[in-house]
Each structure stands twice: as C-alpha cells, then as structure tokens.
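Trainee: Following is a predicted model, sequence given first.
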Amino acid sequence: MSAKKHGKELSLKFYREMSKVRAFDEKASELFTQARMSGNIHTCIGQEASNVGACQGLRPTDFITATHRGHGQCIAKGGDVKLMFAELFGKETGYCHGKGGSMHIANVGLGILGANGIVGAGIPIAGGSALASKIKGTDEVTLSFFGDAASNQGTFHETMNMAAAWHLPMIFMCENNKYGVSVCIDRVTNTEDIADRAKGYNIAGVVVDGNDVFAVYDAVQAAAERARKGEGPTLIESKTYRWHGHYEGDPMVYRTKEEINEWKAKDCIARLRQDILANHFATEEELDKIQGEVKAEIEAAVKFAEESPFPEAAEVTTDVYVTDNERSVTR
Amino acid sequence: MRKITYGKAISEAMHEEMVRDENVFILGEDMGIMGSVFGLTKGFRDEFGENRVIDTPISESGFIGMSVGAAIRGMRPVAELMYVDFTSVCFDPIINQAAKMRYMTGGQVKVPMVIRAPEGAGRRNAGQHSQSLESLFTHIPGLKVVAPATPYDAKGLLKAAIRDDDPIMFIEHKLLYAGKGEVPEEEYIIPLGKADVKRAGKDVTIIAYSRQVTFALQAAKELADEGIDAEVIDLRTLVPLDWETIEASIKKTHRVVIVQEAPKRCGYAGEISAQIMEGAFDELDAPVKRVAGLNVIPPFSPALEDLIYPNPKDIVTGVKEILGK
Ligand SMILES: Cc1ncc(C[n+]2csc(CCOP(=O)(O)OP(=O)(O)O)c2C)c(N)n1
C-alpha cells in the first residue's frame, strides 16, 4: 500500500470511487434478489481496486472495453450510476435505452466502447481501437478488461500477437478472480501466472496485487506511458477475487467458505481505509461520510431508474440499422 | 406415466447413453462440479470420472474442434455450448470441419458428435444470449439439426442423436427446461427425421418446432373454441425434414401456417414454405403463411423483449388470415 506516495487527494478519490462501485453492486444484488430487476447480473464485489486502479491510471480520453462483469469497470471510467441503473432496469433513460441491459453498457463519449456478453470478444475490439489510434496518430490508449477464463479464448492470443507485432497502444488487463463460472483457473491452465504468456509475444507482462488499488494504478500508468511512447502493449494480471457467485443466485458449490473468507479478509476497500487512516489523510468520520454520500447517490439512482419510463413499443425496431431501418427490418 | 422436466429428460438421455456405450463422453463449460449451468449433468463426474465428464476452459473453438477429432477416432462426444449464441466463436469447427469431413474424405471417416445448445428469447438476457440460430445450421449440408419441444421428444431424440453417425446440432429451448411432461421409465428411441402430429385437425395445418409447438397448441385450442379445427405438426427434426407428414397434412387441410421464434428473414419457415410451394402447390387453397419473429436483435428491456417473437395470439391471427376470417 502506498497512500503516502500518492497523497491525500488521490487516496480519497479512490476511496470514493471504490465505495461507489461496491455500493452499486450490493444494491444491484439486493434488487435482483427481490426480483425488482429482470435478466441476470454479474457483480464485481471484491474487485473494486482492480476496476478503479485501472481506469484511474488512464486519461479520460482513453478507451476501455468492459466485460459481462463490467459495472465497476464502467463506473470507474466515469459511468453515471443513474443511467447505469436505468439500463439495468431496461428503461428508456438507460445508457443503451434499455436495449442492452447489465452486460452491454456502453458510452463512447466516456471511452467505454462496450461491455460484452461474449467471453473474450472485447479483446480484439480494444485492439482495433488501439489500431485506430495508431493510424490516426493520436496518443490515446485502449485498455481491455477480461477475466482469467477469457485468456483461454483464441481472441486473446490472436490480438496479443498483432498488438505486439504492431506495437499498438493497448493494455491487456486480466482481472484474475480465480474462476470462470465454476472452473478454477488452475484446472484449465498449466501456468501459475497468466502474465507469463506475455513472454511468448515479447511484450511486458506484470502481475499485480489486484486488491491494492495503488499497485494496479501504478502498473496501468506505467503501461499507458509505454503505450503512448510507441513501445507497444502490456499484459497486466491483477490477482483478485469476486465475493459473490458467478451470477446472482449461483449456488457456488465449487468453492469453500474458508476460501471466500480468506479473500474477504483482504478486502480492498477496508485496506485502503486503513492506509488512509494511518496516514491521517482523513478521520473515521470523514470516511464514513463518504460512504454515506455514496450510498445516497446510489439510492437516488435507483429511484431515478424505477421512476423512468420503459421504452415505447415502437423502439423495438429502431437502431437495427443506421439507415433504411424501416425497409430492412420489416421486410 | 411419470412426469419429468425437459431438462431431466435430456439429462437421462445422456446418462443412459454414457452407461450403454463407453465411447460416449461429455464436455463443455462447468459440466463437472457444477453439473452444467442448467444442472443437467449433476453427479455425472462422480459416476463417470473426469475423463468422460470434462470441464473445458472457455475455449469453444478448441473444444468443439477437439470433439471433431475425437469423433473421427471413434469416440462419441456430446459437447455442450452454454448458449447457442456462442456457436459464433466456433463456427469453423462446426461448419468447415464437422459438417464436411465425411464428404471431403470420400466417406473415409464419420463424425458422430452432438453439440447441445440452448437457444431462445424470453429471459431478459439481451442480444448475445437470446437468439434462435437453427436456420444457420439447416443451411449447412452435412449437419443434422434437431429441436425438440417436449420432455418425451427431447429424451428420445437425444438418444437417437448420440447413436447417429453424423454431426448433430441439438437445439434446446431455455424456456422449456422446467416444463414437465410424460416420459416412460422404459427405454425408447425416437428416430431422427420423423415429425409428430401433436394435434389432429382438418381446417388448417400449423407447422412448428421447439417452444413454438406449445404456443401452436395453445392457439389451436383457442381456434377450436371458435370452430376452427387446426392440425399441429411438430417437426422435431429440421434436418432431415419429414416431408411425408407435411404433405399428408396439406392434402387434408389445404392451408398452412408455419411458425418460428427466429427472425422471419431467411428463417427455416421460409425454406419449408418454398418446399410446399414446389411440392404441393396444387393442394393449397391459400398462400402459405409464416408467423415468425421480428427481424430485430433481442432487446434486453422486458417492455420490448416480448414483442419480438410470436405468441399464441399471433398464431391465431395468422390462421384466421389465411382462412379469410
Ligand atoms: C464465448 C462465451 N463462452 C461462454 C460464455 C458463458 N460465460 C459467461 S462469463 C463466463 C466465465 C468468464 O470467466 P472470466 O473470463 O474469468 O471472467 P469472470 O466471470 O471471472 O469475471 C462464461 C463461461 C460466454 N458468455 N461467452
């Protein structure tokens, strides 16, 4: 932990952001359990340091591709929790007018090129964004979030090869939470660290403690700097853990209470809080106040979402195409 | 007779075939400890071991390709794709390899594999988890395509599929898994390529498959109340297609409505319709009617999703339209 090195302002900013991500997904989980929301959600509780450290290590003008477990990734990149909840409720006011739902939040203005329901599919999309930056000669970086299991998709290897060969300004951000649904990564891969795969492509590969927001932040900043200088991509493996099941309602027969508790003891938010207190950047009361403000923001967002209208029936046929929508959809 | 769910029927079919033939093995994501995401293979790993109940990484292109390789070596893989939507990432092994191996080797090999894949909308899972893609596979020579609607059919057809020597897309509907129906304790097989007349009638033929069969039967009931006697044919197998059953029905009713959940454009209903035009035009008293999904992407919002696929009312309306009522 290095709150000291990063100073008060950044430490408190991270604390607020991480608390917001946690509060968002705790609320989403609660709403889902109460059947107040439909569909299916994947919460990222436990992974907040990884989401926030990564996005804060980028500039607002940089891009990300998010995953099916992407609420935290989107919030950390600047997503408005009101519009996100509205999307989770399938409302007209949501980021995608209710057409995408939890797994597909996107806002290009914020640099969120889309969350994805297909494991590994965001990786080449991020690669393409980095390629666009290279062709245009701009200095943006694109970071692709993906899970440990996604690193076993061909898209990971194919994109890494091209990104390495062409020195694309890209960051491969693997959030290794140990599981792909029920399957522990060590049952389906033969290496200890996914970051080792970077060697095969002759790019930098780094393992970071994914529950240490500063470690993630430093790694992403360094990778972004390399990328902007034309030194090519970096594979960062952030070792972390999701507290909840793969999806809400997952019976979780595949892991023990002890394992979950062991990781809960390494809670990234509690850890940052201790660090902030130890450095006298804030008092307990001040940190509680941040928590309270964040929770109020989430409650207001849910209220906004619940009170928002559903899309009109006519919306069902819009946006299938940009042009000729009417002819192409109805014929 | 006992009643079990569609999911349980599929589970029993796999179990019985694994006991019967040691070359049958299953593979896919979360098949082991989890017993697959829909819980269909619970307990299988304890019984059959890790060599025959394989948890794969999230590497569909790899493990479907490996199924092809194992099949040509004499094994009988039954691979599960968590959702049919994910065939997108393993199209090559399905379309260029599994489907074509036998033909391009001049009959030297056979590819006895089954890919089980749930499809269908209605669960608020948005565009990448709600599609019905069967017509993509019916278009590819070399693949057989099965889409059962009832627990009884699911069990008997899956057993036939596992014993069949060709590669088979076995398409299940997510919203049918929990539905119960009569399934005998005794072993039975339903041959591929044999449609089932789920309701006999004389005024109109409704052709359907998968979940739409249940909607067609509901529609037929409603129509009966209004004095219209509909025959409901459940195709069960899309390839091979049971033309004889279709033709016999048309000779009786002279009017056809074909129902599918998938988008209308280039759907399988279009193919059946064209075959009827070519093979039974003289029997028709009205043009063939398709009742199908909208040509849109499944939306997430509950306010929109239910608008995209046909419901019993749409089928009733379609039938009345061709009857001029
Ligand atoms: C191509 C594809 N295969 C399977 C799935 C089903 N699925 C969704 S998430 C997931 C596990 C992903 O694990 P990981 O990449 O480690 O991310 P995590 O869920 O741990 O964040 C699976 C198998 C999918 N969405 N897409």
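Mentor: Everything's here; your move.

Trainee: Report the buried residues of stretch A:258-276.
Mentor: A:260, A:263, A:266-269, A:271-273, A:275-276 (16 or more other C-beta atoms under 10 Å in any protein chain shown). Just so you know, the C-beta spots here come from the backbone N, C-alpha and C atoms, and that holds for glycine as well.

Trainee: any chance you could map the helices in chain A?
Mentor: With DSSP state H, the ranges of helices along chain A come out as A:3-33, A:48-56, A:71-76, A:81-88, A:122-136, A:154-165, A:185-188, A:197-200, A:213-228, A:257-264, A:268-278, A:284-307, A:325-330.

Trainee: how far off helix A:268-278 does the first one point, in degrees?
Mentor: Relative orientation of helix A:3-33 versus helix A:268-278 (axes from the mean of the first three to the mean of the last three C-alpha atoms, to 10 degrees): 140 degrees.

Trainee: Quick one: list the elements packing against helix A:3-33.
Mentor: helix A:48-56, helix A:71-76, helix A:81-88, helix A:213-228, helix A:268-278, helix A:284-307 (3 or more C-beta pairs under 8 Å, 6 or more residues apart in numbering or on different chains; DSSP states H and E).

Trainee: The ones you listed into CSV, with extra columns for mean pLDDT and distance to the ligand?
Mentor: Output for the helices and strands packed on helix A:3-33, formatted as CSV (pLDDT from 0 to 100; distance: least, C-beta to the nearest ligand atom, whole Å):
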stretch, mean pLDDT, distance to the ligand
helix A:48-56, 98, 10
helix A:71-76, 98, 10
helix A:81-88, 98, 17
helix A:213-228, 98, 15
helix A:268-278, 98, 16
helix A:284-307, 98, 22
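
Trainee: need the residues of the stretch 51-200 of chain B near chain A, please.
Mentor: B:55-59, B:61-62, B:85-86, B:88-89, B:123-129 (C-beta under 8 Å from any C-beta of the partner chain).

Trainee: Stretch B:53-63 near the ligand at all?
Mentor: Yes: using C-beta under 6 Å from any ligand atom, stretch B:53-63 comes into contact with the ligand via B:58, B:60.

Trainee: mean confidence for that stretch?
Mentor: What stretch B:53-63 shows for mean pLDDT is 96.

Trainee: Quick one, grab the pLDDT at the nearest residue to A:Asp250 once chain neighbours are set aside.
Mentor: Distances taken as C-beta to C-beta, 6 or more residues apart in numbering or on different chains place A:His244 nearest to A:Asp250, at 7.5 Å, with adjacent residues excluded. pLDDT recorded at A:His244 is 97.

Trainee: Any idea how many residues pack against A:His244?
Mentor: 20 (other C-beta atoms under 10 Å in any protein chain shown).

Trainee: For it, give me its contacts.
Mentor: A:25, A:29, A:43, A:45-46, A:250 (C-beta atoms under 8 Å, 6 or more residues apart in numbering or on different chains).

Trainee: out of the residues you listed, which one sits closest to chain B?
Mentor: A:Asp250 (8.8 Å; C-beta to the nearest C-beta).

Trainee: Around the closest one, how many other residues sit close by?
Mentor: Residues near A:Asp250, counting by other C-beta under 10 Å: 15.

Trainee: Look up phi and psi at it.
Mentor: For A:Asp250, the backbone dihedrals (degrees, to the nearest 10) come out as phi -60, psi 120.

Trainee: How much space separates it from B:Met82?
Mentor: 14 Å (C-beta to C-beta, to the nearest Å).

Trainee: Which positions within stretch A:219-226 qualify as buried?
Mentor: So for stretch A:219-226, counting by 16+ other C-beta under 10 Å, buried means A:219-220, A:222-224, A:226.

Trainee: Roughly how far does B:Arg123 sit from B:Ala224?
Mentor: 30 Å.

Trainee: How about A:Met103?
Mentor: Taking C-beta to C-beta, one finds A:Met103 at 42 Å from B:Ala224.

Trainee: Could you check which of these two has the larger neighbour count?
Mentor: A:Met103 (28 against 14).

Trainee: what's that one in contact with, if anything?
Mentor: If you count contacts by C-beta under 8 Å, 6+ apart, A:Met103 has them with A:40, A:42, A:68, A:70, A:115-117, B:126, B:128-129.

Trainee: got the residue ranges for the helices in chain B?
Mentor: Using DSSP H, helices in chain B cover B:6-20, B:44-48, B:60-72, B:91, B:101-104, B:134-138, B:151-163, B:211-225, B:243-253, B:268-280, B:302-305, B:312-323.

Trainee: picking up where we left off before, can I get the helices of chain A in TSV with distance to B:Leu136?
Mentor: Below are the helices of chain A laid out as TSV (distance: least, C-beta to C-beta, whole Å):
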stretch	distance to B:Leu136
helix A:3-33	32
helix A:48-56	36
helix A:71-76	31
helix A:81-88	29
helix A:122-136	22
helix A:154-165	20
helix A:185-188	28
helix A:197-200	33
helix A:213-228	38
helix A:257-264	41
helix A:268-278	44
helix A:284-307	36
helix A:325-330	19
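
Trainee: wait, which of those is closest to B:Leu27?
Mentor: The minimum distance between B:Leu27 and these falls on helix A:185-188, with 11.9 Å, by C-beta to C-beta.
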